[in-house]
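> Test case, fold it:
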Amino acid sequence: MSERKILNIFKLKNLIKIIFNPHLIIIRLLYNLKRFSSDIMAKFGKYKHKYNIIFIAGQPMSATTLVLNMLGLVPGYYTRYAPVPNDVAVKQNISESAFKNCPENGFSLFKTHLNPYEENIDILKKNRVKKVVVTYRDLRDVVISEYHRRILWPMDLNESDYFDYNSVSKEEGLNRMITIGLKEKSDGITHVEWVKGWFDISKKYKNFVHFCKFEMLMNSPEHELSKILDFYELNLSKKKIGEIVKQTKGKKTMEKNMYQSALLPGAIASNFRSGIIGAWKTEFTENNKKHFKNLIGNFLIDLGYAKDNNW
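Have a look, this model is predicted:
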């Protein structure tokens, strides 16, 4: 089940609960008010940021929400309502309509899982996106995270890759998830194709892509945030960077975060996941490891996640 569908479910099922949590509505209204005021000040030169749009294109389960939360605390930058046709959005592509609410003089934030297709890149460049932050993660842990997500939120019957992961053993479910994610994904591209595609884009367009490894972000958040800020030529003090890191640490459960994010703006909603590094080491069976290696070849070695195939 896609993140978009999960959020829609939470919006419908939790509408009554939200009514009894007016503080969430107040937070959203205050965010909109601050954004409106900021846009006016930006028009009169309040902020000297070089780039009007910070665009995140992250691999699913790779801390894109965390990066958005961090950058959402940079003065002047705000998320916007980005309308994209559903048939385009579900395939992780983009349309020019996504940028219709970006003011010419204001500063905007986008969080996506955008596919590295040339047609998507053309749309970005036509709409003032000068640079893109791409997050990615050890694909073994991506599989683990996706598996647990499908267990917690079963897929819809009408999804192209529908399967009831609760109906089989964990080993079988993980093997199917490995196959779908690495080789036979019918709705969109596989994780390997996605990561390779963005590396190809980075080679074709110099200084257009900044890569952020999930593991590095988890282990050294201040350092990785500083590199992203340097990429966008944004100057923040070490104290401010430390405050941002402290403020954006996830403290709630995935369920509670998903519930609140149904109403909260993107840059305020908490990181959804716990961010465990190396979970595959205890959750993969030898059969899962063998299946993974047969499909992915040396790709983990190419990305620096393994020295050889003897893991």
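
> The nearest residue to Leu114 once chain neighbours are set aside pairs with what?
Closest residue in space to Leu114, ignoring its immediate chain neighbours: Ala57 at 4.1 Å, by CB to CB, 6 or more residues apart in numbering. All C-beta spots, glycine's among them, are computed from the backbone N, C-alpha and C. Using DSSP bridges, the bridge partners assigned to Ala57 are Thr112.

> Ala57 against Ile201, yeah?
No - shown here, Ala57 and Ile201 do not form a contact pair, counting by CB atoms under 8 Å, at 9.4 Å.

> Need the overlap of contacts for the two.
Pro116 (CB atoms under 8 Å, 6 or more residues apart in numbering).

> Might you report the residue contacts of the residue nearest to Leu114?
Contacts of Ala57 (CB under 8 Å, 6+ apart): Thr112, His113, Leu114, Pro116, Val132, Val133, Val134, Trp198.

> per-residue pLDDT, the fifth one?
Meaning Val132. On the pLDDT scale, Val132 is placed at 98.

> Surely it touches Val209?
Yes - using CB under 8 Å, Val132 is in contact with Val209, at 5.3 Å.

> So between these two, which is more surrounded?
Val132 (25 against 21; other CB atoms under 10 Å).

> which residues does that one contact?
With the criterion set at CB under 8 Å, 6+ apart, Val132 makes contact with Phe55, Ile56, Ala57, Leu124, Phe208, Val209, His210.

> Tell me which stretches of the stretch 151-300 of the chain form strands.
With DSSP state E, counting those that start in this stretch applied, the stretch 151-300 of the chain shows strands at 209-213, listed in chain order.

> Show me the helices in it, by range?
Per DSSP state H, counting those that start in this stretch, the stretch 151-300 of the chain carries helices over the ranges 170-182, 191-204, 214-219, 221-231, 238-247, 254-261, 280-283, 286-296, 299-302.

> Of all the ones you listed, which one is nearest Gly106?
Nearest of the helices of the stretch 151-300 of the chain to Gly106, taken as CB to CB: helix 221-231 at 18.9 Å.

> now the residue nearest to Leu114: how far from Leu33?
29 Å (CB to CB, to the nearest Å).

> Ser167 too?
Using CB to CB, one obtains 48 Å as the distance from Ser167 to Leu33.

> Check Trp280 too.
44 Å.

> The two: which has the busier surroundings?
The neighbour count for Trp280 versus Leu33, taken as other CB under 10 Å, is higher for Trp280 (21 against 10).

> what residues are up against the nearest residue to the more buried one once chain neighbours are set aside?
Distance criterion CB to CB, 6+ apart; nearest residue to Trp280, sequence neighbours excluded, is Arg140 at 3.7 Å. Neighbour list for Arg140: Trp280, Phe284, Phe292, Leu300, Tyr305 [criterion: CB under 8 Å, 6+ apart].
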